[in-house]
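In: here's my sequence, what's the structure:
(chains A and B)
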Protein chains: 2
Amino acid sequence: MKNPSQQNYISQVSIDCVIFGYYERQLKVLIPKINFKGDFWALPSGFVYQDEDIDQAAERILRDRTGIQDIYLEQFRVFGKASRTNKPFLDELIAFNFDKLNVKNEAQQEYDWFTKRFISIGYYALVDINKVVPQKTDLDESIEWYSIHELPRMIMDHSDIVNEALKTLQSHLDEKINAFNLLPETFTMKEVQEVYEAICEKTFVRTNFQKMILELNVLERLEKKFTGAANKAPYLYRFKK
Amino acid sequence: MKNPSQQNYISQVSIDCVIFGYYERQLKVLIPKINFKGDFWALPSGFVYQDEDIDQAAERILRDRTGIQDIYLEQFRVFGKASRTNKPFLDELIAFNFDKLNVKNEAQQEYDWFTKRFISIGYYALVDINKVVPQKTDLDESIEWYSIHELPRMIMDHSDIVNEALKTLQSHLDEKINAFNLLPETFTMKEVQEVYEAICEKTFVRTNFQKMILELNVLERLEKKFTGAANKAPYLYRFKK
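Out: Next up is the predicted model:
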C-alpha cells in the first residue's frame, strides 16, 4: 500500500466503481474482499490525480481492475454525506496492513489523509465477464464476481452505491443496450429479452417485450436466408447504424 | 470576500447550482454577473464544509441565493476535467476584488486555494420566479434571470453545466413535474402543456400531448361542477395523492 498523500491526489475525493458483469443470463458485480480480520468487502476504488480528468481516473481504475481497455462507463451519482467515513475502522485497517505489508517504520499519522470524509463519485460499467481478468491490489485478499442477489457485506455506504448504480442501469438500459456490447453482431429477440430480464430483475411477456423493443426503433430485422428446409429459425436482428 | 481556506471547507470541491425559473410560460436561469472588469457571469456556487453533507451544502447555497426554503433540487452531474480551472483569470479576479473590498493587507497567496482545479458537483432546481428574491454576494455586481435562449457569457465550463442541467431537466420532467410545484392545486391540460413546451423547447400537438400525459397515470380528472350554463370550461386535473 502506497501512501496516498505522497501521490499528488486531490484530497477527500474518491471514485467508486460498480462493475456489472453479464454472464449466463445473470447480472453480477465485481467486488474485492479487503485484507483485514473479519470479512469485509469494498468496491474497487481510487483517487484522482491533480492533472487527471475524473473520467480518466475512473477509466484507469477500471482498467487496473479488469485488465480490459475501452470499457463503457458512466458516472451516475456523488456520495457525499458527512457521516460516510468510518475513522476507527479505517485506522484499524491501516494498522492491520502496515503489519502485513512490512512497512512498520513509516509514520502512521501520514495516513490521516486516508481516514477523512471522502466525497465519492460513483461510476458504473457493464461488461462481458468472459473478457475480464479480475486484478487484486495489495489491499485485497481476493476479488470475485457476486450475484446481484447475493452481495457480500460491504463497508460504509458501498451497498447503497451498488443499489443506486443498479437503478441507473435499469432506467437507462434502453439508451445504453448497444453501448454495453452485451449482444453479438446479430441476435435473436429472445437474447435481447434475456439481457433485459437479468438486469431488470423481472420477467417479460414475450409479445409485450417484442413490441416495446421494436418501438425503441433501434433494431433492424435481417432477412431470413433461404435454406430449403422448413424455416423455423427465429428472426435475427442487429443495431441500426 | 472571506478567505475560503480559513473556513474549514473541503478543498478542491465546489457546488454549482443551475436555478431554473418558470414564469409567463418561459424558462429562465438565475445567474450572477461577477464584479470584474469586462462582462463575465458565473453560476451561483459554493463549497462544502467538512461536517456538511453535499446535499445540505447545495440547499444552503440555493437558500442564500433565492431567499426561499424547501427548494426541490437534485444533483445531476460532476464536472471534473483537469483543464477546468483558469488560474490567470481567477488571480486577476481576486486581485480586482481585493482592491474593491479594501482587504489589501491580507496576503494574496492565501487565495491559492481558490485558483486550483475544482471538482464541481452540479445541482439543479426549478422554482416559481414569483417566490424568489435573488440575492447578491460581495463578489457579484448583479444577479438576474436570463432566458435559456439568451444566456450571457459565462466563465470556464459554466455554459456546459447549464446545458447538462437542461438536458437532465427535460429527460426527467415526467417524473418530476409534481415535485417542482409549478402548477397550482388544480390545473387544466393546457397549463400542463405550457410547462412542457417552455421546458422542452418545442410545441406539442394538443391531442398527442394529452394522450402522453394521461398515460403517465399521475393525474386525476375532477368532475365538472354543474353551473346551469352551457359548460364549456375545460376539465380540471390534479396530481394523484
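
In: what is the burial count for A:E74?
Out: 17 (other CB atoms under 10 Å in any protein chain shown). To be clear about C-beta, it is placed using only N, CA and C from the backbone, and glycine gets the same treatment.

In: and A:W113, by the same measure?
Out: Using other CB under 10 Å, A:W113 has 16 other residues around it.

In: and what of A:Y23?
Out: Neighbours of A:Y23 (other CB under 10 Å): 15.

In: which residues touch the nearest residue to it once chain neighbours are set aside?
Out: Once flanking residues are discounted, A:Y23 sits nearest to A:I129: 3.7 Å by CB to CB, 6 or more residues apart in numbering or on different chains. For A:I129, the contacting residues are A:G21, A:Y22, A:Y23, A:K28, A:W145, by CB atoms under 8 Å, 6 or more residues apart in numbering or on different chains.

In: pLDDT wise, what is A:I129 at?
Out: A:I129 carries a pLDDT value of 88.

In: tell me the phi and psi of it?
Out: Dihedral angles of A:I129 (phi, psi; degrees, to the nearest 10) stand at phi -60, psi -30.

In: distance of it from B:F209?
Out: The span separating A:I129 from B:F209 equals 44 Å under the rule CB to CB, to the nearest Å.

In: now pLDDT too, for the contacts of A:I129, in a markdown table please.
Out: Below are the contacts of A:I129 laid out as a markdown table (pLDDT from 0 to 100):
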| residue | pLDDT |
| --- | --- |
| A:G21 | 91 |
| A:Y22 | 88 |
| A:Y23 | 86 |
| A:K28 | 94 |
| A:W145 | 96 |
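
In: what's the average pLDDT for the longest helix along chain A?
Out: Longest helix in chain A by number of residues, with DSSP state H as the criterion: helix A:158-176. Over the span of helix A:158-176, the pLDDT mean works out to 90.

In: what is it packed up against?
Out: Secondary-structure packing of helix A:158-176 (3 or more CB pairs under 8 Å, 6 or more residues apart in numbering or on different chains; DSSP states H and E): strand A:9-23, strand A:73-79, strand A:119-128, helix A:189-200.

In: redo that, cut-off 6 Å
Out: On a contact count with 3 or more CB pairs under 6 Å, 6 or more residues apart in numbering or on different chains; DSSP states H and E, helix A:158-176 meets strand A:9-23, strand A:73-79.

In: give me the local confidence score for A:T66.
Out: 92.

In: how far away is it from B:D160?
Out: 29 Å.

In: repeat for A:D51
Out: According to CB to CB, A:D51 and B:D160 sit 20 Å apart.

In: neighbour count for those two, which is higher?
Out: B:D160 (15 against 10).

In: in space, what's closest to that one - neighbours in sequence excluded?
Out: B:F79 (7.3 Å).

In: just the pLDDT for that neighbour.
Out: 97.

In: so it makes contact with B:S120?
Out: Yes - the pair B:F79 and B:S120 qualifies as a contact (CB atoms under 6 Å) at a distance of 4.7 Å.

In: those two: which has the busier surroundings?
Out: Higher neighbour count among B:F79 and B:S120: B:S120, with 23 against 20, using other CB under 10 Å.

In: quick one: contacts for the more buried one?
Out: For B:S120, the contact set (CB atoms under 6 Å, 6 or more residues apart in numbering or on different chains) comprises B:S14, B:D16, B:F79.

In: and it, how far from B:E201?
Out: Taken as CB to CB, the span from B:S120 to B:E201 is 25 Å.

In: who in chain A is up against chain B?
Out: Residues of chain A lying near chain B by CB under 6 Å from any CB of the partner chain: A:10, A:12-13, A:51-54, A:75, A:78, A:80-82, A:119, A:121.

In: and of those, the nearest to B:L183?
Out: When those are ranked by distance to B:L183 (CB to CB), A:V78 comes first, at 30.0 Å.

In: and the closest one, what are its bridge partners?
Out: A:I121 (DSSP bridges).

In: who touches it in this structure?
Out: Counting by CB under 6 Å, 6+ apart, A:V78 makes contact with A:I121, B:Q75, B:V78, B:I121.

In: how about these, which pair is most distant?
Out: Top of the distance list for these (CB to CB): A:I121 and B:Q75, 10.7 Å.

In: the two: who's more crowded?
Out: Neighbour count, other CB under 10 Å: between A:I121 and B:Q75, A:I121 has more, with 25 against 17.

In: and that one, what does it touch?
Out: A:I15, A:I54, A:Q75, A:V78, B:V78.

In: which stretches of chain A have low pLDDT?
Out: A:1-7, A:99-110, A:225-231 (pLDDT under 70).

In: quick one on the thing from earlier: out of the residues of chain A next to chain B, which are buried?
Out: A:10, A:12-13, A:52-54, A:75, A:78, A:80-82, A:119, A:121 (16 or more other CB atoms under 10 Å in any protein chain shown).

In: tell me how far the helix or strand harbouring A:E141 lies from the chain's centre.
Out: Using DSSP states H and E, A:E141 falls within strand A:140-147. Centroid displacement of strand A:140-147 relative to its chain, using CA atoms, centre = their mean, to the nearest Å, is 12 Å.

In: could you list the buried residues of that strand?
Out: Here strand A:140-147 shows A:D140, A:I143, A:W145, A:Y146 as buried, counting by 16+ other CB under 10 Å.

In: go ahead and confirm the third one touches A:K28.
Out: I take that to be A:W145. Yes - between A:W145 and A:K28 there is a contact at 4.1 Å, judged by CB under 6 Å.

In: need the residues touching each of those two.
Out: A:G21.

In: mind putting the contacts of A:I121 in TSV, distance to B:H172 included?
Out: As requested, those are exported to TSV (distance: CB to CB, whole Å):
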residue	distance to B:H172
A:I15	24
A:I54	22
A:Q75	16
A:V78	17
B:V78	17
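
In: list the residues that contact the residue lying closest to A:I199 once chain neighbours are set aside.
Out: Nearest non-adjacent residue to A:I199, counting by CB to CB, 6+ apart: A:L27, 5.4 Å away. Residues near A:L27 by CB under 6 Å, 6+ apart: A:I148, A:A198, A:I199.
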